[in-house]
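1. Starting from these lines, generate the structure:
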Amino acid sequence: MKMKIPSIVFLIIILLFSYQNCSQKNLTAVETEGQTEDSRRSLSDIQVQQVKFASRKQSEVQKSANTFYVMTNVQYSLDPENGVLAEYDEAAETFATYCLTEDLMVEVRNIISNSDICKSPVAPPQTICTTQVILPYAELVTSNEVIRLGGHPCPGGIYDFCGDQSNSLKNWIDAVRGQLPQLGCSN
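-> Have a look, this model is predicted:
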């Protein structure tokens, strides 16, 4: 009996610490098409200083005399003013820069300036939050905030471009990644 009591106490403590409270405040603003009036925000007047996004790719890593191929994160950071795209491969620890064409720069500036940010409604109270976090597909960095697009923290809503505007940015990111070999900087 003495062994069972500590085991039961231990299990209760684990249950208490693993419980997540995902209760949400009720929304008071009028909802339209799944968005509240307070959750829609225009980017036309916001100065975006950086556009960050990431991808995963297979990288070659040398350790001693062995070569390994691993999936690694590749981080990209774009300065939308000068068109320089920095690439950092975490596993290979390599850094590269690319210079985007004027057409690509005009396109991303138009996507950003003509888009609105919406916050999806918070999950209903009966929704169970998990510890899984979905990373954003892009981040917009301004002078005073970082807007994470499409990421899903728990609890809370998801910030993203409204409607199909997110597809425009995702398609642009895919197009840029596909053109990287041709986007070398000539200095």
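2. Show residues contacting stretch 49-65.
-> 67-81, 89, 91-92, 108, 112, 135, 137-143, 173, 177 (Cβ atoms under 8 Å, 6 or more residues apart in numbering). From N, CA and C alone the C-beta is placed, and that goes for glycine too.
3. again, but for stretch 180-187
-> Under Cβ under 8 Å, 6+ apart, the answer for stretch 180-187 is 84-85, 87, 97-101, 176.
4. Where helices are concerned, which of the residues you listed count?
-> Val176 (DSSP state H).
5. Identify, from the contacts of stretch 180-187, the entry nearest to Lys119.
-> For the contacts of stretch 180-187, the minimum distance to Lys119 (Cβ to Cβ) is 26.5 Å, reached by Val176.
6. Drop anything exposed from the contacts of stretch 49-65.
-> Neighbour counting over the contacts of stretch 49-65 (16 or more other Cβ atoms under 10 Å) leaves 72, 74, 76-80, 89, 91, 108, 112, 137-141, 173 as the buried ones.
7. which two from the contacts of stretch 180-187 end up farthest apart in space?
-> Glu87 and Thr101 (16.3 Å).
8. The two - which one has more neighbours?
-> Glu87 (16 against 13; other Cβ atoms under 10 Å).
9. Surely the more buried one is in contact with Leu100?
-> No. Contact criterion Cβ atoms under 8 Å: Glu87 and Leu100 do not qualify, at 12.0 Å.
10. Relative to Leu140, how far out is Gln47?
-> 10 Å (Cβ to Cβ, to the nearest Å).
11. One more: Leu180?
-> From Leu180 to Leu140 the distance is 21 Å (Cβ to Cβ).
12. quick one, helices of the protein?
-> 4-18, 102-113, 165-179.
13. For these, which has the smallest mean pLDDT value?
-> Looking over the helices of the chain, mean pLDDT reaches its minimum on helix 4-18, with a mean of 54.
14. which non-adjacent residue is nearest Ala86?
-> Counting by Cβ to Cβ, 6 or more residues apart in numbering, Ala86 lies nearest to Ser77, which is 4.7 Å off, once chain neighbours are set aside.
15. And for Gly151?
-> Pro136 (3.4 Å).
16. Contacts only, for the one you found.
-> Per Cβ under 8 Å, 6+ apart, neighbours of Pro136: 148-151.
17. For Lys170, see how far away it is.
-> From Pro136 to Lys170 the distance is 11 Å (Cβ to Cβ).
18. just Ser64 next, same as before
-> Counting by Cβ to Cβ, the gap from Ser64 to Lys170 is 39 Å.
19. Those two - which one has more neighbours?
-> Using other Cβ under 10 Å, the more surrounded residue of Ser64 and Lys170 is Lys170, with 16 against 5.
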